[in-house]
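Student: Please work out how this folds:
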Amino acid sequence: MKRLRYGIPVFVVAWVLLLWMAPPLTSYLTNPDHGYQLSLGRLITLGAFPFVDLIFHYGPMVALTSAWALWCSGGLLGETIVCATGYAAALGCLAEVARARAGRIAGFLVPLVGLVFLARFYKWYFWLFPALALLLLHRYLARDAEPLRGLFTAGLTAGLCALYRLDLGVVLLILWCIVAVTGPRGLVQARFPIAILRVAVGFAAPVATWLVALAASGGTAALRSYGAATFDGGRGVVAGWSHGAAPFDASHLLSPASALWIALLVVPLCLLGGLALGSWQSRSAPADPRGDARFLAGASLLGIGLLPQALYRADPHHLLQALPPFLVVAPLLARQLSQELEARSHGWRHLGRLAVAAIALATLLSGIGLRSFGGKDLAPLASNGFERLADLAAGLTAPKPRYPISAAMWQLAALTPPDGRILVVPMSSQIYYFAERPMSGLLNIYAPSILSDPFWRERNLEHVREHPPEAILVRSGFVDPESQNARKLRASFPELEAFLRSRYTRVAFRRGPWTILQRPEGTG
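Tutor: Model prediction:
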């Protein structure tokens with residue numbers, strides 16, 4: 001605990017601030033992205049088991065964590081506390097590492113900048129696990145005489161991370177395997193097979209525990225579903241949802257599009273520069289008792305491993321998900337580069353200072369342009385956090401205000417028994433959470449290219465036929481076969497669209513954008 005004497009206060013302050021600025025109830029009601037994992041958690045509390053009764057492309061711990069939070073609190077307050085705790089812990093780790101490696105000013109600025117540029121509230125694990133890896137790397141390199149200590153814990157956190165996002169966990173595993181081979185001195189250590197074994201055993205422990213639980217619940221078929229859904233879902237997201245950055249606008253350098261372009265140049269440049277400088281200093285100046293050069297190389301390598309998340313779908317939100325390593329690498333790179341140039345000629349020092357100043361200016365410009373995307377889900381600091389937390393605890397029973405979607409939720413409850421299944425199309429998955437009804441089908445969203453190939457369409461439709469919904473909730477435009485919602489569903493899940501349209505023809509409720517459809521009276 002003594003070694004975290006700076007990180008713990010930062011964690012506490014950040015945690016209080018994030019709870020005070022927690023997203024309002026309207027955010028949870030209207031956000032299908034956060035609703036995706038919330039709905040999975042709700043369905044688990046209603047008896048479903050991941051990859052047996054539910055198929056999704058995230059890791060199982062995303063759903064299980066939301067289910068645990070719901071079980072503990074009975075409402076949205078638990079999920080809010082989990083997200084706030086994850087981000088606060090990440091900021092505490094980053095602050096501790098930045099202060100120890102780059103100085104007091106960096107230790108103050110890094111968590112402050114991180115708080116301003118938080119990714120989406122529900123993506124806390126994309127910040128926590130890389131930040132925790134940086135803290136573990138910092139501690140490992142400080143134990144020069146104990147090259148095997150801490151590697152099991154590092155592998156364990158990477159394995160747990162893989163159960164949230166497999167790709168992120170694999171990046172951490174690769175990082176720790178490289179660290180295990182090179183050791184704290186930066187050279188190939190004689191006991192590297194034992195070191196790698198410790199990392200591998202740590203990584204395998206949570207993964208194997210999950211696989212045993214999955215096999216016990218659903219047998220080998222569930223194991224195959226987990227592997228196939230993870231692979232097919234990830235491939236579908238990249239194939240169907242990836243896009244490049246918006247065009248650069250030279251006349252408006254502070255516009256989000258221009259700022260994103262600048263950031264997508266500065267961040268990789270700093271990470272590559274940190275890897276090059278850290279690797280070079282580790283070899284040319286092995287007498288580095290603090291291991292700053294090796295830490296710079298390792299942190300930069302981690303950041304490079306996260307770049308695909310920022311680049312495959314080049315928008316500000318995905319860039320912010322990959323930000324934590326850069327927040328630490330940037331000040332440490334400036335410090336190490338300044339120290340390196342002190343021994344050079346005046347011309348080199350002048351050139352180095354110009355380069356650092358140019359990168360700092362570019363970073364500032366991109367930060368100004370992207371500021372509005374940081375903490376996108378959070379409420380303003382000046383708002384009433386106590387009232388908002390009370391609303392989150394109350395859910396749809398909150399006294400004010402009345403939300404348009406509430407009427408549809410109450411009507412669903414009136415039209416279906418507690419064990420009656422419902423179906424929501426195409427992508428308003430948050431409704432499963434608030435409706436508190438089991439789901440018909442295996443998929444909680446029907447999105448283009450996400451588990452929409454014939455194999456998954458057939459399995460899902462088979463489940464819908466075996467467990468037909470008592471009611472389906474759709475956007476009102478779905479009633480018209482030529483509406484945009486109907487065409488989208490028909491393009492990705494044509495068999496399901498035809499099945500629902502032929503059987504669910506009675507309008508039981510319609511208000512605003514929401515319509516509830518049921519089968520005609522007297523039909524089974």
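
Student: what about P247, how many neighbours?
Tutor: By other CB atoms under 10 Å, the residues close to P247 number 9. No exception for glycine: its C-beta is placed from N, CA and C like everyone else's.

Student: same check, this time on the one 5 residues further on
Tutor: Taking other CB under 10 Å as the neighbour definition, H252 ends up with a count of 12.

Student: Against A259, how distant is it?
Tutor: 9 Å (CB to CB, to the nearest Å).

Student: Not counting sequence-adjacent ones, nearest residue to the residue nearest to the spatial centre of the chain?
Tutor: The chain has K123 as the residue nearest its centroid, 3.0 Å off, counting by CA atoms, centre = their mean. Of all residues not flanking K123 in the chain, Q321 sits nearest, at 5.6 Å (CB to CB, 6 or more residues apart in numbering).

Student: Surely the one you found and Q309 touch.
Tutor: Yes: Q321 lies in contact with Q309 (CB atoms under 8 Å); the separation is 5.6 Å.

Student: residues shared between the contacts of these two?
Tutor: F126 (CB atoms under 8 Å, 6 or more residues apart in numbering).

Student: Tell me which of those two has more neighbours.
Tutor: Neighbours were tallied for Q321 and for Q309 using other CB under 10 Å; the higher tally belongs to Q321 (22 against 18).

Student: Tell me the backbone dihedrals of that one, please.
Tutor: For Q321, the backbone dihedrals (degrees, to the nearest 10) come out as phi -60, psi -30.

Student: How about F509?
Tutor: Torsion angles at F509 (phi, psi; degrees, to the nearest 10) stand at phi -160, psi 140.

Student: Bridge partners for it, pull those for me.
Tutor: I516 (DSSP bridges).

Student: Pull the contacting residues for it.
Tutor: Neighbours of F509 in contact, by CB under 8 Å, 6+ apart: 407-408, 411, 415, 515-516.

Student: Tell me how far it lies from P418.
Tutor: 18 Å.

Student: With A299 instead?
Tutor: Taken as CB to CB, the span from A299 to P418 is 50 Å.

Student: between those two, who's got more neighbours?
Tutor: Neighbours around A299 and P418, counted as other CB under 10 Å, are more numerous at A299. The numbers are 30 against 9.

Student: contacting residues around that one?
Tutor: Taking CB under 8 Å, 6+ apart as the test, what A299 contacts is 134, 137, 274, 325, 328-329, 332.

Student: and if you look at G273?
Tutor: 300, 333, 337.

Student: Can you get me a residue count around the first one?
Tutor: Okay, so that is S300. Around S300 there are 26 residues (other CB under 10 Å).

Student: backbone phi and psi for it, please?
Tutor: phi -70, psi -40.

Student: and if you look at P50?
Tutor: The phi/psi pair for P50 (degrees, to the nearest 10) is phi -60, psi 130.

Student: how many other residues sit next to it?
Tutor: Residues near P50, counting by other CB under 10 Å: 28.

Student: so who does it touch?
Tutor: Residues counted as contacts of P50 (CB under 8 Å, 6+ apart) are 40, 44, 56, 60, 63-64, 214, 226.

Student: what about 7 Å?
Tutor: Going by CB atoms under 7 Å, 6 or more residues apart in numbering, P50 touches 44, 60, 63.
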